[in-house]
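>>> whatever this is, show me its structure:
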Amino acid sequence: MIDLTLDAARTIVLATLEAARARGLQPLAVVVYDARGSLKCVQVEDGTSLRRAEVALGKANGALALGLGSRALHKRAEVQAYFLTAVGQVAGPAGLVPVPGGVLIRARDGRLLGAIGVSGDTSDNDEACAVAGIAAADLVPETGA
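Next comes the predicted model:
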């Protein structure tokens, strides 16, 4: 089994930021975890607002913890708010942020490799950039749509 490499994580982060610049979005914070929950790469652009990196961590951590893209977690929070609140309490220091922008990273064969979290613009734009970053690494994004 091949884990998410540091080179792949860097490619994902850089391509995510390139997608944001091409779209003229607000400055982003981008984090990538591998499948075991180890932080692989973090980049925070100049000019992000306070705590954007922590929000990005929570998006990625929540997606990885529950095995669902954070778009699905957002939908679930609307119908099971108490459940998501409880999971947030046990999700560790990174927490759980149930809004789009946390995307699972899968290999072409479907294996879970990790998750990306993006924060800084609208949640939909954050997610779109994450998807672009994952695709640039020739991997498969899972948003939870």
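>>> now Val118: closest residue in space, sequence neighbours ignored.
Asp126 (4.0 Å; CB to CB, 6 or more residues apart in numbering). All C-beta atoms are positioned from the backbone trio N, CA, C, and that covers glycine.
>>> contacting residues for that neighbour?
Taking CB atoms under 8 Å, 6 or more residues apart in numbering, we find Asp126 in contact with Leu28, Lys59, Pro100, Gly101, Val118, Ser119, Gly120.
>>> what about it, which helix or strand?
helix 123-136 (DSSP states H and E).
>>> now that helix: mean pLDDT?
Across helix 123-136, pLDDT averages out at 98.
>>> before we move on, what about stretch 53-69?
Rounded mean pLDDT across stretch 53-69 is 94.
>>> CA atoms only for the worst-scoring helix or strand of the chain on mean pLDDT, dumped as CSV, please.
When each helix and strand of the chain is scored by mean pLDDT, DSSP states H and E, helix 81-90 comes last, with a mean of 81. Only the C-alpha atoms of helix 81-90 are listed here, as CSV (Å, rounded to 0.1, in the frame of the first residue of the first chain):
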residue,chain,number,x,y,z
ALA,A,81,-26.8,18.4,15.2
TYR,A,82,-26.3,16.7,18.5
PHE,A,83,-24.4,13.8,16.9
LEU,A,84,-22.0,16.2,15.1
THR,A,85,-21.5,18.3,18.3
ALA,A,86,-20.6,15.1,20.2
VAL,A,87,-18.2,13.9,17.5
GLY,A,88,-16.6,17.3,17.6
GLN,A,89,-15.9,16.8,21.3
VAL,A,90,-14.0,13.6,20.6
